[in-house]
Every structure is written in structure tokens, then in C-alpha cells.
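**Student:** Sequence plus predicted model, see below.
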Amino acid sequence: MPSDYKPLEAYGLVGNLETCALVARDGAIDWLPLPHLESPSIFAALLDPERGGHFTLKPRAPFETTQAYAEPTNVLHTRFRTPTGQARLVDFMPVRGMTGLPPAGHRVLLRKLEGLTGTLEFTLEFAPRFDYARVTPRLEATPTGVQARWRGTHLVLDSPVPLEVRGATARARFVLEAGTTLWFGLRYDGAPFLTEAQREARLEATLRYWRAWAHRCEQEPCLFEGPWHDLATRSGLALKLLTHPETGAIAAAPTTSLPEAIGGVRNWDYRYAWIRDASFTVQALHRLGHVQEALEYFRWICAVCAQAREPAAIRVMYTLHGDPVPPEETLDHLRGYRDSRPVRVGNAAATQTQLDIYGELVNAAYEVHRHREGLEGVDWRFIRGLVNHAARVWRSPDAGIWEVRSPPQHFTYSKLMCWVALDRGIRLAERFGLKASLRTWKAQRKAVRDAILTQGFSPRKQSFVRAFGTEELDATGLLIPLVGFLPPDDPRVRGTIAATQRELVVDGWVRRYTGEDGLPGQEGAFLLATFWLVHALALGGETEPAAALLEQAVRHASPLGLLAEEIDPTTGAMLGNYPQAFSHIGLIHSALALGEARTPAP
């Protein structure tokens with residue numbers, strides 16, 4: 001029954017920059033792919049509580065529980081309260097590349113259980129299920145616990161309490177007293193056994209790593225000032241967890257198939273790096289002060305895309321290692337979150353044609369390089385090729401940013417981002433005196449602009465529309481002032497904001513678009529689109545409505561400050577993959593826009 005599923009906001013996220021685990025308030029690790037984020041799962045109770053597999057530590061008696069991060073870090077604390085006592089569970093993963101770690105030393109999830117007051121009886125249940133629960137392993141005893149193997153994955157649970165193995169599940173019951181500390185370690189792929197002193201040292205080093213990395217206010221007042229300040233910091237920490245250290249790639253989310261509508265079929269695998277996220281992500285990392293991460297992300301994008309024979313061969317998304325995304329398949333043996341099927345792995349949208357990616361790539365280059373001394377020749381050749389391609393193909397229909405599965409259309413946003421590719425290419429060429437077909441680029445920039453203003457704008461609605469020749473709306477129209485196509489006070493921009501509020505806003509939340517998309521059913525309100533409306537209002541000087549909308553949005557963050565892809569406008573429940581990078585990027589940008597709008601010019 002759906003009641004055996006937990007709400008998404010009941011989960012915290014920990015990770016080591018190779019993979020992430022979702023840890024529920026009841027002490028259950030319900031999602032963990034190994035060894036990488038895009039790898040098959042070993043725990044997937046998130047998608048099927050019976051078959052999926054989990055690793056749970058919790059009191060036997062009824063309990064109350066709360067979660068909090070050790071701020072500002074990605075070390076998670078879960079506190080249990082029972083009638084007989086209190087305990088704290090600390091979950092974390094040492095970070096890859098952290099100083100002092102031996103090879104594979106980051107490939108461990110550590111769980112520190114501390115008795116705080118009184119006495120509690122605890123239960124442990126360890127039920128790994130490899131390959132998205134398609135493989136039930138045989139557990140074998142070790143001197144320190146149990147182990148399981150499947151293909152190249154060697155999984156070891158180190159336990160300070162005796163484990164009873166029945167079939168593919170290990171269980172234990174034990175008493176935890178005040179002042180007692182018990183360490184549990186889940187090791188994989190060659191991670192060494194750790195003594196208690198080594199585990200404590202790993203915890204302290206992990207705390208230091210995250211505290212050194214997290215956003216710090218470099219000016220007074222901080223532009224993030226407001227009730228969303230800590231959430232902006234948390235957003236940066238969440239983005240870092242989704243970043244692969246070898247490549248700099250950032251996953252859209254750490255999960256797959258969390259539904260956009262309960263019981264619906266809009267369930268997608270988001271554990272990949274989308275090219276469309278490039279410019280938004282680079283700007284967000286820059287503004288948080290993480291310039292190195294922004295540069296690494298951009299360089300990875302360039303390296304991956306440069307492998308394509310030509311710009312037309314660039315894919316919409318890649319794995320975090322820069323490989324093609326695997327073909328989409330359904331896992332029919334899994335129930336799906338709250339019985340929402342199908343469960344998918346891989347993503348068929350990877351081979352779609354989406355013209356907006358060229359503008360997003362060139363804009364990312366512009367954001368990275370406009371404050372620097374110049375552009376390397378190899379980077380400019382890559383960027384120039386993208387701009388030339390945008391100049392050639394902008395008149396073509398495509399699948400659009402939202403990856404619809406209906407026939408291609410002339411989406412206004414796709415044309416807008418082709419304009420951005422031309423505009424930013426022209427700016428870079430002129431700024432650094434680079435070789436470019438400036439006359440052609442300027443002519444095509446004007447042609448795209450004219451087409452958008454005449455075919456992408458509805459005089460009847462006084463708004464930009466979803467696609468040429470339609471009267472449907474799309475929240476991407478809110479980005480027109482954000483990318484500099486028109487100024488925020490232009491009547492057409494104000495008309496688009498008004499039309500969005502009239503037709504796309506439901507109970508204070510913004511939906512992505514109206515019109516057909518080739519899929520049955522509905523979806524929730526898109527959090528990123530809500531943040532776009534905040535940003536557009538702030539740019540237009542409407543700071544009070546913008547602040548009210550932002551405050552409403554952040555009130556629906558999880559208790560840990562994490563955001564899903566969507567919100568159910570009726571119930572306020574989170575929907576879609578969780579946590580969602582795009583949502584956190586939107587929060588960062590809208591909070592900054594509001595902060596800048598409220599800060600008097602010097």
C-alpha cells in the first residue's frame with residue numbers, strides 16, 4: 001500500500017562525491033547506488049519497500065525523531081526519543097580527495113550511534129539487493145560482520161553487535177545505554193577496515209572539509225540576507241554532493257523515477273548531467289564563491305561536447321563520467337514510489353534535439369570568461385563552432401527544454417537561447433578581439449530577435465508564448481529579461497509576468513506550461529519556474545511580491561532545507577526527483593536577485 005512509503009521531505013542526503021545515499025528520519029537508508037551515482041542500486045526501498053533493500057537502525061519502541069545537518073556540512077544527525085531514553089545517529093561518507101584518505105578510503109558509509117540519555121533497545125536490519133533489486137545476494141559472515149558480492153561490487157558491513165543472518169538479510173537487537181557509542185561501517189570496493197579512532201578521525205576530517213567549502217558571507221550585508229540565507233547555503237552544499245570530482249559534472253538529482261504526479265507515468269532517471277543546466281549552474285557556483293567548481297564544470301562540458309563530430313552530435317545529457325546515457329529501460333519488478341509506475345533507468349531524452357543547449361553552453365562560456373583575461377584558442381574554436389551552428393539551425397523545430405515526447409515544435413525558448421548563443425558569442429569576440437564571422441552573427445541575431453518578437457508574442461494575451469503560432473504559455477517566458485533579451489520594464493515582459501500569474505500560477509506555485517506534451521496525466525508545480533517568477537519580479541523592482549513568493553517557496557523546503565523538483569499545489573507535498581539541482585540553483589539565483597534589488601546602488 002502507498003502508506004508504507006515515506007514522504008520525500010523525510011529524507012536527508014549524504015555522499016562522498018561519487019555517490020549519494022538517502023537516509024530517512026526512521027534511520028533507514030532507502031536509496032544507495034554503488035559505486036557511482038548512475039550505477040545500479042544496492043538499496044532501493046525508496047522505490048519498493050518490500051523488494052528494494054535497505055539498511056535500518058532504529059529503536060524497537062515507538063519513537064519521535066528529528067533530523068538536522070551539522071551546519072554547514074553534509075554530515076547528518078538523526079535524533080531518536082523514546083519513553084526510556086534518547087539517542088543520536090550520525091551518518092556521513094568521507095569525501096573523495098579529502099586530505100589523508102588512502103585509495104578507496106572514501107568508499108565507506110559510516111554510522112555512529114550514540115546513547116544520550118536513559119536506555120533504548122535498538123534493531124538493525126541489513127538487506128542489500130543488488131542491481132535495482134534484480135539480484136538477491138547471499139550474505140556471508142566475516143570476523144567483523146557480514147559481506148556480500150555481486151560482479152565487481154564487494155560489500156562489507158562492519159557491526160559492533162552480533163548479526164543473525166537469515167537468507168539475504170542480517171538482523172540484530174541490542175541495548176544502547178547513555179554514554180555508549182557504537183560504530184557501523186558499510187564498506188565497498190576495497191575500502192579498508194577502520195578502527196574506532198580512525199572512524200572518529202574521518203568524522204572530524206569530513207566536518208572540516210564541508211565547513212571549509214561552504215558559502216561564507218564575504219560582504220555585509222550578505223546578498224543572501226533574509227529567511228532564505230541558510231537555504232541558499234544548503235543549496236550550495238546539495239549541489240556539491242551531486243558533483244563528480246574527476247569530471248566536475250553535476251547530476252540533475254541523485255534519484256530515479258520519483259513521480260511528478262502520484263500514480264502517474266512521468267517518472268524519469270535524473271542521475272545524469274544535463275547540458276541545459278550549464279549556464280544556470282556556472283552562474284550559481286560563481287555567485288556562491290565556488291569559482292574553481294564553476295571552471296571545472298565548464299571545462300568538463302567543453303571536453304565532453306568537443307568529442308562530438310559536430311555541434312549537432314552533442315547530446316542533451318551525459319553520464320557523470322562523460323559517457324553516453326544508457327538506453328531507457330523499465331524495471332517492472334519494482335512497485336515504484338507510492339505505486340507510481342513505470343520505474344525507469346536510463347533516459348530516452350538523451351538523443352532528442354534541443355536547440356536551447358547551444359545558448360546555454362555559450363552563455364556558460366561567457367559567464368566563466370567575461371571576468372578573466374582572455375580565452376584559450378581551443379576554447380574559442382569550440383565556442384565559435386557552437387555559435388555558427390546556432391546561426392544555421394535556429395529556424396528548425398525541436399523537442400524544447402522540457403523534453404516533450406510530442407512532435408517537434410518551434411519553441412520560443414529554443415529560439416531565445418539561439419539568440420543568446422549569438423549574442424554572447426558576439427560579446428566574447430568583440431571583448432577579446434577573437435576571429436569570428438561577426439557580420440553573419442549580427443545579422444542572424446537580429447533575425448532571431450525579429451522572429452521571437454513577431455511570432456513568439458501574442459498580442460491578444462500580451463505575452464510571449466510557448467511556441468510560435470500558439471496561444472499556450474510557458475514559464476520560460478520569464479527568462480526573457482533574465483538573459484537580457486528585453487529590459488525588465490518592457491511592457492511585453494510585464495505582460496508575460498501578468499499572463500504567467502494569471503494562467504500558470506496555481507495556489508501560489510508556477511506550472512511549467514500549458515498544452516500537450518505527448519504524455520498522459522498531469523504534473524505538479526515546478527519549483528524552478530516559481531523561482532524564475534521571483535527573479536523576474538525582483539528584476540522589475542517588485543521586491544515585496546518577490547519576497548512573499550520566495551518566502552512561500554522556502555517554507556515548503558524539507559526540514560533539512562532540501563528541495564524536490566515539484567510541489568503538489570493542493571497538498572504542498574514534494575514530487576519528482578529529490579533533491580533536485582535545478583530547484584536549488586533557482587533558489588540561489590532568485591535569492592541573489594532579490595538581495596541585489598534590495599541593496600542600494602553605491
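**Tutor:** Sure, I can see it.
**Student:** What are the boundaries of the helices in the protein?
**Tutor:** For the chain, helices defined by DSSP state H occupy the ranges 130-133, 196-213, 229-241, 278-287, 291-306, 356-369, 377-393, 412-432, 438-455, 491-503, 527-539, 543-555, 581-598.
**Student:** Please convert those to TSV, extending it with mean neighbour count, mean pLDDT and distance to Arg512.
**Tutor:** (Glycine included, C-beta is placed from N, CA and C.) Output for the helices of the chain, formatted as TSV (neighbours: other CB atoms under 10 Å; pLDDT from 0 to 100; distance: least, CB to CB, whole Å):
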stretch	mean neighbour count	mean pLDDT	distance to Arg512
helix 130-133	22	98	29
helix 196-213	16	96	32
helix 229-241	23	91	20
helix 278-287	24	75	15
helix 291-306	19	80	24
helix 356-369	26	89	14
helix 377-393	19	92	24
helix 412-432	23	97	11
helix 438-455	16	98	19
helix 491-503	18	98	11
helix 527-539	26	95	6
helix 543-555	18	92	15
helix 581-598	24	90	11
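**Student:** Export those helices as a markdown table, with columns for distance to Asn16.
**Tutor:** Below are the helices of the chain laid out as a markdown table (distance: least, CB to CB, whole Å):
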| stretch | distance to Asn16 |
| --- | --- |
| helix 130-133 | 19 |
| helix 196-213 | 9 |
| helix 229-241 | 9 |
| helix 278-287 | 19 |
| helix 291-306 | 16 |
| helix 356-369 | 26 |
| helix 377-393 | 31 |
| helix 412-432 | 34 |
| helix 438-455 | 44 |
| helix 491-503 | 40 |
| helix 527-539 | 26 |
| helix 543-555 | 28 |
| helix 581-598 | 17 |
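**Student:** Let me know which of those helices is the nearest to Val95.
**Tutor:** Among the helices of the chain, helix 196-213 comes nearest to Val95, with 5.3 Å by CB to CB.
**Student:** Go ahead and measure how far that closest one is from the middle of the chain.
**Tutor:** 24 Å (CA atoms, centre = their mean, to the nearest Å).
**Student:** Stretch 169-180 too?
**Tutor:** Distance, centroid of stretch 169-180 to centroid of chain: 35 Å (CA atoms, centre = their mean).
**Student:** hmm, who's touching that stretch?
**Tutor:** With CB atoms under 8 Å, 6 or more residues apart in numbering as the test, stretch 169-180 has contacts from 60, 85, 87, 113-127, 139, 145-146, 157, 159, 161-164, 182.
**Student:** so of the residues you listed, which ones are in strands?
**Tutor:** 85, 87, 113-127, 145-146, 157, 164, 182 (DSSP state E).
**Student:** Give the PyMOL command for selecting the buried subset of the residues you listed.
**Tutor:** A single PyMOL command selects the buried members of those (16 or more other CB atoms under 10 Å):
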select buried, resi 85+87+113+114+115+116+120+122+124+125+126+127+145+146+157+182
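**Student:** circling back: so for Leu563, which of the helices of the chain sits nearest?
**Tutor:** helix 581-598 (3.9 Å).
**Student:** Let me know the angle separating that closest one from helix 229-241.
**Tutor:** Going by axes from the mean of the first three to the mean of the last three CA atoms, to 10 degrees, helix 581-598 is angled at 140 degrees with respect to helix 229-241.
**Student:** Report the distance from helix 581-598 to the chain centre.
**Tutor:** 15 Å.
**Student:** by how many degrees do it and helix 543-555 diverge?
**Tutor:** Using the same axes, to 10 degrees: helix 581-598 against helix 543-555 is 150 degrees.
**Student:** Mind giving me the packing neighbours of helix 581-598?
**Tutor:** With contacts taken as 3 or more CB pairs under 8 Å, 6 or more residues apart in numbering; DSSP states H and E, helix 581-598 sits against helix 229-241, helix 278-287, helix 527-539, helix 543-555.
**Student:** need those in JSON lines with distance to Tyr337, can you?
**Tutor:** Output for these, formatted as JSON lines (distance: least, CB to CB, whole Å):
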{"stretch": "helix 229-241", "distance to Tyr337": "20"}
{"stretch": "helix 278-287", "distance to Tyr337": "26"}
{"stretch": "helix 527-539", "distance to Tyr337": "18"}
{"stretch": "helix 543-555", "distance to Tyr337": "23"}
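**Student:** nearest to Glu9, of those helices?
**Tutor:** That would be helix 543-555 among the helices and strands packed on helix 581-598, by CB to CB, at 11.8 Å.
**Student:** That closest one versus helix 527-539: what angle between them?
**Tutor:** 160 degrees.
**Student:** Can you name every helix or strand that helix 543-555 contacts?
**Tutor:** helix 527-539, helix 581-598.
**Student:** quick one: which of these is nearest Trp402?
**Tutor:** Among those, helix 527-539 sits nearest to Trp402 (CB to CB), with 10.3 Å.
**Student:** Check the offset of the closest one from the chain's centre.
**Tutor:** 18 Å.
**Student:** Give me the angle between it and helix 491-503.
**Tutor:** 140 degrees.
**Student:** name the helices or strands packed onto helix 527-539?
**Tutor:** helix 491-503, strand 509-510, helix 543-555, strand 566-567, helix 581-598.
**Student:** Any chance of those in a markdown table with distance to Gly456 as columns?
**Tutor:** Output for those, formatted as a markdown table (distance: least, CB to CB, whole Å):
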| stretch | distance to Gly456 |
| --- | --- |
| helix 491-503 | 10 |
| strand 509-510 | 19 |
| helix 543-555 | 25 |
| strand 566-567 | 26 |
| helix 581-598 | 23 |
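**Student:** Specify the stretch among those that is closest to Asn267.
**Tutor:** strand 566-567 (12.1 Å).
**Student:** Which neighbouring elements make contact with that closest one?
**Tutor:** Against strand 566-567 (3+ CB pairs under 8 Å, 6+ apart) you get strand 525-526, helix 527-539, strand 574-575.
**Student:** Just checking: what are the partner strands of the first one?
**Tutor:** This means strand 525-526. Paired neighbours of strand 525-526 in the sheet (DSSP bridges): strand 566-567 (antiparallel).
**Student:** Ala546 against Leu537, yeah?
**Tutor:** Yes. Counting by CB atoms under 8 Å, Ala546 touches Leu537, with 3.8 Å between them.
**Student:** hang on, the earlier thing: for the helices and strands packed on helix 581-598, which one sits closest to Asp517?
**Tutor:** Nearest of the helices and strands packed on helix 581-598 (CB to CB): helix 527-539, 14.6 Å.
**Student:** Taking their axis directions, that closest one and helix 278-287 sit at what angle?
**Tutor:** 60 degrees.
**Student:** Would you mind writing the CA trace of helix 527-539 as CSV?
**Tutor:** Extracted in CSV, the C-alpha atoms of helix 527-539 (Å, rounded to 0.1, in the frame of the first residue of the first chain):
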residue,chain,number,x,y,z
LEU,A,527,9.8,24.8,-8.2
LEU,A,528,12.3,26.2,-10.6
ALA,A,529,9.6,28.1,-12.5
THR,A,530,8.4,29.5,-9.2
PHE,A,531,11.9,30.8,-8.6
TRP,A,532,12.0,32.2,-12.1
LEU,A,533,8.9,34.3,-11.2
VAL,A,534,10.6,35.5,-8.1
HIS,A,535,13.7,36.5,-10.1
ALA,A,536,11.6,38.3,-12.8
LEU,A,537,9.6,40.2,-10.2
ALA,A,538,12.8,41.3,-8.4
LEU,A,539,14.4,42.5,-11.6
